[in-house]
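*Asks:* sequence isn't available, so here's the structure alone:
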């Protein structure tokens, strides 16, 4: 009887040891609904990283657990995050497409002893919500600010800003206006459009009437950008020489084919273009395309996820697979590496990624529309971040 | 059985279910707390739709009013006592209910439905615009509720939040049982069946419904405040048309005009959605859609309606 008990105990113990060797990563993102493409890109980035680097780190095996959050819903985000921590026993949290969802997950990280690597959510303040937040995407401030220098360098004096009326749009407007007025430019008007605007012709008339030489626009990646760019061309603004400047959300790669010739020559600033010319990116694009199934669907969230997986792998290495969020986060502060997007590092002060921001022009090359990089702003930190 | 005894049994059954869930799913308490918050919203909707016959697709406005009021009180004014936050949420929901009913009750049938959608859209846009107060689309964060009664911290497993939520739900349930059976509740049912007749009897229709809306608003506001306390972030989704429509689906699923129906509908819908989406995070919406169609086709009176029909048939078979 005793031996049976001991054998049973040994079995339980060996099982629990084997169990500890599997490190679970919980990924929360939009895998269904209107933003499913972005969630698919999370998954493609993760799978691409696993395909290149394998799913073992030291003796430990990585297991990824997905949870779907189709739209901004902080209550559900908090419930999913809590369930991933206490029920699934994840050691790392990752993903988070929308800001409110990341904000809702942040308060439980410290008690759960779990670091969170944000793959997308782009509001500067997220890193302040918990010391265990690391971000490998970008902020809207980071991608919008260099455009002010671009406009100034091109001798543009008067600009009208047009943004979608929600958090990122307002961030983008503030970032650009701050940079452009500091450089001595004049903002003739700032317009905020309701989120569900579909008819942009009146807006184009307003831009014409404002007498601005250029328009700075922010719209979330997706269907609205198509209507906006079409209205810009059809209302004769492009022919009249009114330059359209925007962060790269406006010309994300999966939308380029639909934008077509209307977008040719459009100037955008962003942290990643699928066409970025480097061996690291060529390898990434090859394996991410395989993971997502179609080259035309690959977009920026994939690179955030790919680099996020790299950061998590470094955290696992540093802690030897033990659950120690503080040590894990400490280990990646100041970490620098060559990402598919170029050289990047984790700013030790705010745990946000420092990276190059590129000025790109939409071009037609080798039978497809691309965001062609024409100028580089090196080592850009997040200008929107304020110490708490 | 006399009414107080039946009420007592109902409360005991609910409490027993909560205790069983507490011990059966110790790692899902955050989800269960969220379900209680949604239950309060659906109960509130049941009051105006199921009991008083007001058609509305904008009920989340009251839920959101409670959530934002409690959230702003905590994040901007430092009122972090959870019970006080709940009270603030209930008052805000009640005020929002009374005010919005002044508009919604002007219409009838389809026009009423359209007005209710307008109300929730306006509330949504207002919260988006007033981002200095509400955080806009980034959500209102920085809500840090202090320990309940100064003793019980809101822990990672969500035990405190769940127990608080269940106690509150039971209290609301008992009060609502009294309300719907009171002469006032009967008057509301009468208005649902035939407002002209109630008016001919000399009873006020408009002001009765406004009062009902104020009561329903308090219940929804409590739900919103609970969500703000448990989540610590309030997002624009709490004021959305989407949530309003989902609440209506849950009510129909559970069965309208019954307090148990509202609670059952919320429990089944949210729980089911969560489980299915965990099993297949990529294609779960299809499954949920198909099952909803099936329920509406085969149990048009909701789950409680179907259960009642089966119960009656069984009794007839026995006698």
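*Replies:* Nice, thanks for sending it over. Quick caveat, the model's predicted, so the values are computed rather than measured.
*Asks:* what's the span of stretch A:145-161, first residue to last?
*Replies:* Chord length of stretch A:145-161, first to last residue, is 13 Å (CA to CA, to the nearest Å).
*Asks:* report the buried residues of it.
*Replies:* By neighbour count on 16 or more other CB atoms under 10 Å in any protein chain shown, the buried set for stretch A:145-161 is A:145-152, A:156, A:159-161. Every C-beta, even on glycine, is put in place using the N, C-alpha and C of the backbone.
*Asks:* what about the helices in chain B?
*Replies:* Taking DSSP state H to define them, one finds helices in chain B at B:3-24, B:29-45, B:60-77, B:82-104, B:110-129, B:131-134, B:159-181, B:183-193, B:195-200, B:206-231, B:241-254, B:259-279, B:284-298, B:302-318.
*Asks:* mean pLDDT for these: which is lowest?
*Replies:* Ranked by mean pLDDT, the helices of chain B bottom out at helix B:284-298, which scores a mean of 84.
*Asks:* for the most centrally placed residue in chain B, give me its contacts.
*Replies:* Taking CA atoms, centre = their mean, the centroid of chain B lies closest to residue B:41, which sits 1.3 Å from it. If you count contacts by CB atoms under 8 Å, 6 or more residues apart in numbering or on different chains, residue B:41 has them with B:59-60, B:62-63, B:220, B:223-224, B:243, B:247, B:266.
*Asks:* by neighbours, which of those residues wins?
*Replies:* residue B:62 (39 neighbours; other CB atoms under 10 Å in any protein chain shown).
*Asks:* now that residue. Nearest residue, chain neighbours left out?
*Replies:* Excluding the flanking residues, the one nearest residue B:62 by CB to CB, 6 or more residues apart in numbering or on different chains is residue B:220, at 3.8 Å.
*Asks:* tell me the SS of the residue of the stretch 201-350 of chain A found nearest chain B?
*Replies:* When distances are taken as CB to the nearest CB, the stretch 201-350 of chain A reaches nearest to chain B at residue A:220, 10.0 Å away. Here residue A:220 is recorded as coil under DSSP: H, G, I helix; E, B strand; the rest coil.
*Asks:* need the contact list for the residue nearest to residue B:62.
*Replies:* Residue B:220 is in contact with B:40-41, B:44-45, B:59, B:62-63, B:65-66, B:93, B:97, counting by CB under 8 Å, 6+ apart.
*Asks:* residue of the stretch 101-250 of chain B closest to chain A, please.
*Replies:* Taking CB to the nearest CB as the measure, the point where the stretch 101-250 of chain B comes nearest chain A is residue B:139, at 3.1 Å.
*Asks:* that residue and residue A:100 touch, don't they?
*Replies:* Yes. With contact defined as CB atoms under 8 Å, residue B:139 and residue A:100 form a contacting pair (3.1 Å).
*Asks:* ok, these two, which is more surrounded?
*Replies:* Relative neighbour count places residue A:100 above the other of residue B:139 and residue A:100, with 32 against 28, counting by other CB under 10 Å.
*Asks:* do a quick rundown of the helices in chain A.
*Replies:* According to DSSP H, the helices that chain A contains are A:2-20, A:36-53, A:74-86, A:99-105, A:109-112, A:140-153, A:167-182, A:201-210, A:223-234, A:253-259, A:279-292, A:300-319, A:325-332.
*Asks:* what average pLDDT does the longest one get?
*Replies:* Helix A:300-319 carries an average pLDDT of 95.
*Asks:* now that helix: buried residues?
*Replies:* Of the residues in helix A:300-319, those with enough neighbours to count as buried (16+ other CB under 10 Å) are A:300-316, A:318-319.
*Asks:* hmm, that helix touching chain B?
*Replies:* No. In terms of CB under 8 Å from any CB of the partner chain, no part of helix A:300-319 sits within range of chain B; the closest distance is 14.9 Å.
*Asks:* got the angle for that helix vs helix A:325-332?
*Replies:* Here the directions of helix A:300-319 and helix A:325-332 differ by 110 degrees (axes from the mean of the first three to the mean of the last three CA atoms, to 10 degrees).
*Asks:* by contact count, what packs against helix A:300-319?
*Replies:* Using 3 or more CB pairs under 8 Å, 6 or more residues apart in numbering or on different chains; DSSP states H and E, the elements in contact with helix A:300-319 are helix A:36-53, strand A:56-57, strand A:60-68, strand A:92-95, strand A:116-118, helix A:279-292, helix A:325-332, strand A:336-339.
*Asks:* now the ones you listed in CSV, with distance to residue B:314, mean neighbour count and mean pLDDT?
*Replies:* Listed next are the helices and strands packed on helix A:300-319 as CSV, based on distance: least, CB to CB, whole Å; neighbours: other CB atoms under 10 Å in any protein chain shown; pLDDT from 0 to 100:
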stretch, distance to residue B:314, mean neighbour count, mean pLDDT
helix A:36-53, 45, 22, 94
strand A:56-57, 58, 15, 90
strand A:60-68, 40, 19, 93
strand A:92-95, 49, 29, 96
strand A:116-118, 52, 29, 96
helix A:279-292, 54, 18, 94
helix A:325-332, 55, 19, 94
strand A:336-339, 66, 15, 95
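*Asks:* could you dump these to JSON lines with distance to residue B:6?
*Replies:* Formatted as JSON lines, the entries for these read as follows, by distance: least, CB to CB, whole Å:
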{"stretch": "helix A:36-53", "distance to residue B:6": "48"}
{"stretch": "strand A:56-57", "distance to residue B:6": "60"}
{"stretch": "strand A:60-68", "distance to residue B:6": "41"}
{"stretch": "strand A:92-95", "distance to residue B:6": "46"}
{"stretch": "strand A:116-118", "distance to residue B:6": "49"}
{"stretch": "helix A:279-292", "distance to residue B:6": "58"}
{"stretch": "helix A:325-332", "distance to residue B:6": "51"}
{"stretch": "strand A:336-339", "distance to residue B:6": "66"}
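*Asks:* do you know which of those lies nearest residue A:228?
*Replies:* When the helices and strands packed on helix A:300-319 are ranked by proximity to residue A:228, the top entry is helix A:36-53, at 18.6 Å, counting by CB to CB.
*Asks:* how far off helix B:284-298 does the closest one point, in degrees?
*Replies:* Using the same axes, to 10 degrees, the interaxial angle of helix A:36-53 with respect to helix B:284-298 works out to 140 degrees.
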